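Engineer: Structure of the sequence below:
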Amino acid sequence: MRSGSEHDEKRRALGYVTDAWTDGLLGGLDGDCLAQACLFTAFAELVSTYGEEAAAEYAEGLADRIRRGEFSLHISRQ
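Structural biologist: Got it, this is the predicted structure:
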């Protein structure tokens, strides 16, 4: 179970990334370009922190998570 402070830190980190993403879009960058840069940066950090094998194992699980909709944005329409 995640601690409250860990959850808060991840929420803050997401806020920073979202702000940077918005700045990039407003600066004329394509969303796909931003996504690939973010993925590269994220995986480079995971490899640096946990090593190549652990990062690769994490990446292997992403396909199933994507298919389960964990990364889909569900927008309720009123």
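
Engineer: Please list the residues outside stretch 65-75 that contact it.
Structural biologist: Stretch 65-75 has contacts (Cβ atoms under 8 Å, 6 or more residues apart in numbering) with no other residue. (Each C-beta comes from the backbone N, C-alpha and C, glycine too.)

Engineer: and the helix or strand hosting Phe43, what does it pack onto?
Structural biologist: Using DSSP states H and E, Phe43 maps to helix 31-50. Here helix 31-50 touches helix 4-26, helix 52-60, going by 3 or more Cβ pairs under 8 Å, 6 or more residues apart in numbering; DSSP states H and E.

Engineer: Just the buried residues of that helix, please?
Structural biologist: In terms of neighbour count (16 or more other Cβ atoms under 10 Å), helix 31-50 has its buried residues at 34, 46.

Engineer: returning to that earlier point: dump the helices and strands packed on helix 31-50 to TSV, plus mean pLDDT, distance to Phe71 and mean neighbour count.
Structural biologist: Shown next, in TSV, are these (pLDDT from 0 to 100; distance: least, Cβ to Cβ, whole Å; neighbours: other Cβ atoms under 10 Å):
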stretch	mean pLDDT	distance to Phe71	mean neighbour count
helix 4-26	95	13	11
helix 52-60	98	14	12
